[in-house]
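Test case, fold it:
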Amino acid sequence: MHALIKKPLRQQSFQPFFTTASLSSKDGYPLRYVRRNSITKERFEWVIKMKTPD
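Next up, the predicted model:
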């Protein structure tokens with residue numbers, strides 16, 4: 001999953017994309033990921049809610 005986040009971040013300066021991610025300070029898991037194309041206005045967003053096992 002980290003590879004999916006890092007690749008667009010590296011491409012950000014070469015493409016018309018805005019990319020941001022929020023990671024858990026406790027364990028580093030992604031909590032939110034947004035990638036937006038400024039030309040087409042397409043937006044891709046993940047919002048992840050972690051649950052503790054019952």
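
Low-confidence bits of this structure, can you list those?
For the chain, the stretches with pLDDT under 70 are 1-15.

Please enumerate the helices of it.
Assigned by DSSP state H, the chain shows helices spanning 2-11.

That one: strands as residue ranges?
For the chain, applying DSSP state E gives strands covering 17-23, 30-37, 43-47.

Quick check: which of the ones you listed is nearest to P53?
Closest approach to P53 among the strands of the chain (Cβ to Cβ): strand 30-37, 18.2 Å. Heads up, the C-betas are built off the backbone N, CA and C, glycines and all.

how about the closest one: buried residues?
For strand 30-37, burial by neighbour count (16 or more other Cβ atoms under 10 Å) applies to 30, 33, 35.

number of nearby residues for K49?
By other Cβ atoms under 10 Å, 6 other residues sit near K49.

separation between it and A21?
As judged by Cβ to Cβ, to the nearest Å, K49 and A21 stand 15 Å apart.

same deal with K41?
Going from K41 to A21 by Cβ to Cβ gives 20 Å.

who's more crowded, those two?
A21 (17 against 7).

residues touching the residue nearest to T20 when sequence neighbours are not counted, list them.
Leaving aside its chain neighbours, T20 sits nearest to V34 (5.3 Å; criterion: Cβ to Cβ, 6 or more residues apart in numbering). Residues in contact with V34 (Cβ atoms under 8 Å, 6 or more residues apart in numbering) are 18-21, 43-46.

Give me the buried subset of the residues you listed.
Among those, those classed as buried by 16+ other Cβ under 10 Å are 19, 21.

Out of the contacts of V34, which is nearest to D54?
Of all those, W46 has the smallest distance to D54: 23.7 Å, by Cβ to Cβ.

That closest one and K26, how far apart?
Counting by Cβ to Cβ - W46 and K26 are separated by 18 Å.

Check F44 too.
25 Å.

which residues does the most centrally placed residue in the chain bridge with?
Central residue of the chain (Cα atoms, centre = their mean): Y33, 2.5 Å from the mean position. Beta-bridge partners of Y33, counted by DSSP bridges, are A21, W46.
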